[in-house]
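K.L.:
Requesting a structural model of the entry that follows:
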Amino acid sequence: MSSVLRSAISDQGPLHQGRYRPISSHLAIAPPVSVVIPAMNEAENLPYVFKTLPEWIHEVVLVDGNSTDDTVQVARDLWPGVKVVGQQGKGKGDALITGFEACTGDIIVMVDADGSADGQEIVSYVSALVSGADFAKGSRFANGGGTSDMTPIRKLGNRVLCAIVNAKFGARYTDLCYGYNAFWRHCLDKIELDCTGFEVETLMNIRVVKAGLKVQEIPSHEYLRIHGASNLRAVRDGLRVLKVILQERSNRRALRSRPRAVALNSGQGELS
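P.N.:
Next up is the predicted model:
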């Protein structure tokens, strides 16, 4: 096990509280973890989101997209120490960039505010990062993952777009358009985020591969949105994702020079 994520054996005494954050009676983590939640009019869903967040995370950064309901107040009631920042711009890409800038943790986790993500999975993402990955990418289609909230047309579109990215950039992704990801903060120095909408996740997935960062997929289950309607539009946003893919240069020579990693026995694959 990594020296950063380690067992806390009872006969060795209590953990040093100033350095380690207890995850369980046998496990502790040193790097502070920030969770970024972009939200616009998600007051009804936030109780479900915050209920699953582990108590050991360092901070929650809520990016408010000019909500007209009680989103901000509900977040503060549920997590008194929440850091609320106003979104710059209008799209999800703008919201995430704003949230990343506000984070103080060494590890950053992206979580949607609609109740579709299980916060208890965060430990799997963090485990992958402290074990050597730079970017832990959630996948609904990796062994052990799943989705309750994807129409056939969205599933087909995701599969086609994923195949294009794999072919063009030498990646081995099983899922492309999924927003549940985690990464070391230093990754932001190597990938420039300059898009505004839902295509931001695809851009991140492409640029971490181009930057030569080590990516590991994490099986994840996507649940149904609990309240309200999604702002995602399959055709419109699919075309925006395709545009991002086509605009990115593959740098094939650099990609060919990197050794291909093998899949892990757990079903989580190292992708770069």
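K.L.:
switch to C-alpha atoms for all contacts and neighbour counts from now on
P.N.:
OK.
K.L.:
where does Glu217 fall, helix, sheet strand or coil?
P.N.:
Under DSSP: H, G, I helix; E, B strand; the rest coil, the three-state class of Glu217 is strand.
K.L.:
number of nearby residues for it?
P.N.:
28 (other C-alpha atoms under 10 Å).
K.L.:
surely it meets Ala142?
P.N.:
Yes. Contact criterion C-alpha atoms under 8 Å: Glu217 and Ala142 qualify, at 7.4 Å.
K.L.:
Let me see the contact set for Gly119.
P.N.:
Gly119 is in contact with 49-50, 52-54, 111, counting by C-alpha atoms under 8 Å, 6 or more residues apart in numbering.
K.L.:
What's the per-residue pLDDT of it here?
P.N.:
Looking at Gly119, its pLDDT reads 96.
K.L.:
residue ranges of the strands in this structure, please?
P.N.:
Using DSSP state E, the strands of the chain run over residues 5-7, 21-24, 27-29, 33-39, 59-64, 83-86, 107-110, 135-139, 146-147, 181-184, 215-219, 221-222.
K.L.:
quick one on the thing from earlier: could you work out the most separated pair of the contacts of Gly119?
P.N.:
Maximum pairwise distance among these (C-alpha to C-alpha): 12.6 Å, between Pro54 and Val111.
K.L.:
Let's see the pLDDT reported for the closest residue to Glu192 other than its chain neighbours.
P.N.:
Excluding its sequence neighbours, the residue lying closest to Glu192 (C-alpha to C-alpha, 6 or more residues apart in numbering) is Arg207, at 7.9 Å. Predicted confidence (pLDDT) for Arg207: 96.
K.L.:
again, but for the one 4 residues further on
P.N.:
According to the model's per-residue confidence, Ala211 sits at a pLDDT of 95.
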